[in-house]
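K.L.:
This is the structure alone, sequence omitted:
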Ligand code: SF4
Ligand code: SF4
């Protein structure tokens, strides 16, 4: 880490425009839980005026979700995320991280540990929903239950696939490789399979990068910088083995955001140039499909509430494409919910480390979603799906939470694209 800790924060004029976009400030009302307050703390830490062990500092930096909602609304162009990452690296070196968080991150990074533990979690998730609830343990079980493959009654009138002038159909679209990730591969492999079917139906030739590993996003957010860089280097080597024109398709917003930033993370590293090349090839699945057309499938009768993941909306600036992907499905009624662009409180390991504030942020999200009365909630990040799914179960609701690409997949299946 060579940049000054506070680099990127200099343009802050303390105007406060960012305050109402900050989920933690909206819950606590405390200036130190706002972007403006945290910027003052980060600048004090950087200048040596505040000690990294100061509990007033660590409390408010730990409470930051890292959702980056404060960046796009800032008229001065403050770059908050990298400064927060550098501060968390410094704090983690100074005091370590909670054992529970370290254990989870070790399982994510070590594929062999994941191969041992994920099958157990997959078996347990079918019973976990019975014990989901509002307690800390109940929410954890609800998160596990929310990883189950699920599907609402898609009772729309069956219709033939619509013809779409903008669609290039099954003509060859080039090569694509799906970013597998850790928790996506372990608990959301049904979303990977849906992604692959939809990409194939749109003319993509799928290839594999068998040596790919966890992207390192969870480690970065927790300040485990060295662990994150080690994972990034392994992924650069894994994807380097593919042709340069192979698009790397992410269906997890946090992982996609991390890979798109590999050039910055590995700046100064011998792999820096290859990391930048890799980052330029990464696309969210919604970006790939909307650029492509996409093919239209059969009609589904569903009310869908789309909840944009912070790491897609704020970190990657991908707002239009997931909505356009859903709009490619006839019969879908998209229902808006208030403050959809506010974080759900998931934020990597945040719900483990900050259960009270995470729960308060989640409560607001669940209230607004329930007011919209959707048949299904769609969101493109595993942490968000688990957090919102747990919140709905705790509220006694069985509304499925799925990835937007799964809805396109159901529409394609209904249209008979996969038959034979
Ligand atoms: S981060 Fe931006 S919006 Fe927030 S107080 Fe500073 S200048 Fe204003
Ligand atoms: S990253 Fe999110 S939680 Fe943190 S200061 Fe910015 S808006 Fe608030």
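P.N.:
In hand now; what should we look at? None of these values were measured; they are calculated from a predicted model. Ligands and ions are numbered 1, 2, ... in the order given.

K.L.:
Correct me if wrong: residue 177 contacts residue 209.
P.N.:
Yes. The pair formed by residue 177 and residue 209 meets the contact definition of C-beta atoms under 8 Å, at 5.2 Å. From N, CA and C alone the C-beta is placed, and that goes for glycine too.

K.L.:
intersection of neighbour lists for these two?
P.N.:
Where contact means C-beta atoms under 8 Å, 6 or more residues apart in numbering, the residues bridging residue 177 and residue 209 through contact with each are 239, 242.

K.L.:
Which elements pack onto the host helix or strand of residue 116?
P.N.:
In this assignment (DSSP states H and E), residue 116 forms part of helix 111-128. With contacts defined as 3 or more C-beta pairs under 8 Å, 6 or more residues apart in numbering; DSSP states H and E, the packing partners of helix 111-128 are helix 99-109, helix 136-145, helix 183-187.

K.L.:
just checking, what packs against whichever helix or strand comes after the shortest one?
P.N.:
Right, the one you point to is helix 183-187. Next along the chain after helix 183-187, taking DSSP H and E as the criterion, comes helix 189-201. The contact analysis (3+ C-beta pairs under 8 Å, 6+ apart) places helix 189-201 against strand 174-178, helix 183-187, strand 204-207, helix 285-292, helix 404-415.

K.L.:
can you tell me the distance between the two ends of stretch 242-252?
P.N.:
Between the opening and closing residues of stretch 242-252 there is a gap of 21 Å (C-alpha to C-alpha, to the nearest Å).

K.L.:
Which positions in stretch 44-51 come out as buried?
P.N.:
45-46, 50 (16 or more other C-beta atoms under 10 Å).

K.L.:
If you could redo that for stretch 371-391, that was the one I meant.
P.N.:
Under 16+ other C-beta under 10 Å, the buried positions of stretch 371-391 are 372, 374-391.

K.L.:
cool, and stretch 276-288?
P.N.:
Within stretch 276-288, the residues scored as buried using 16+ other C-beta under 10 Å are 278-279, 281-288.

K.L.:
which residues touch the closest residue to residue 13 other than its chain neighbours?
P.N.:
When the adjacent residues along the chain are set aside, residue 13 lies closest to residue 76, with 5.6 Å between them (C-beta to C-beta, 6 or more residues apart in numbering). Residue 76 makes contact with 11-13, 15, according to C-beta under 8 Å, 6+ apart.

K.L.:
what's the distance between the residue of the stretch 251-400 of the chain found nearest ligand 2 and ligand 1?
P.N.:
Using C-beta to the nearest ligand atom, the closest approach of the stretch 251-400 of the chain to ligand 2 is made by residue 343 at 6.3 Å. According to C-beta to the nearest ligand atom, to the nearest Å, residue 343 stands 17 Å off from ligand 1.

K.L.:
Surely the residue nearest to residue 13 is within a helix?
P.N.:
No. Secondary structure assignment (DSSP: H, G, I helix; E, B strand; the rest coil) places residue 76 in coil, not in a helix.

K.L.:
which parts of the chain sit against ligand 1?
P.N.:
Residues of the chain found near ligand 1 (C-beta under 6 Å from any ligand atom) are 12-18, 35-36, 39, 70, 74, 76, 78.

K.L.:
Looking at those, which one is closest to residue 142?
P.N.:
residue 70 (28.6 Å; C-beta to C-beta).

K.L.:
Need the pLDDT of the closest residue to the closest one other than its chain neighbours.
P.N.:
The shortest distance from residue 70 to any residue that is not its chain neighbour, by C-beta to C-beta, 6+ apart, is 3.6 Å, and that residue is residue 35. Each residue has a pLDDT score; the one for residue 35 is 98.

K.L.:
OK, contacts around residue 35?
P.N.:
Residues in contact with residue 35 (C-beta under 8 Å, 6+ apart) are 18-19, 21-22, 25, 70, 74, 78, 80.

K.L.:
This protein - how does it break down into domains?
P.N.:
According to automatic domain parsing, the chain is divided into the following domains: 19-95, 136-156+299-415.
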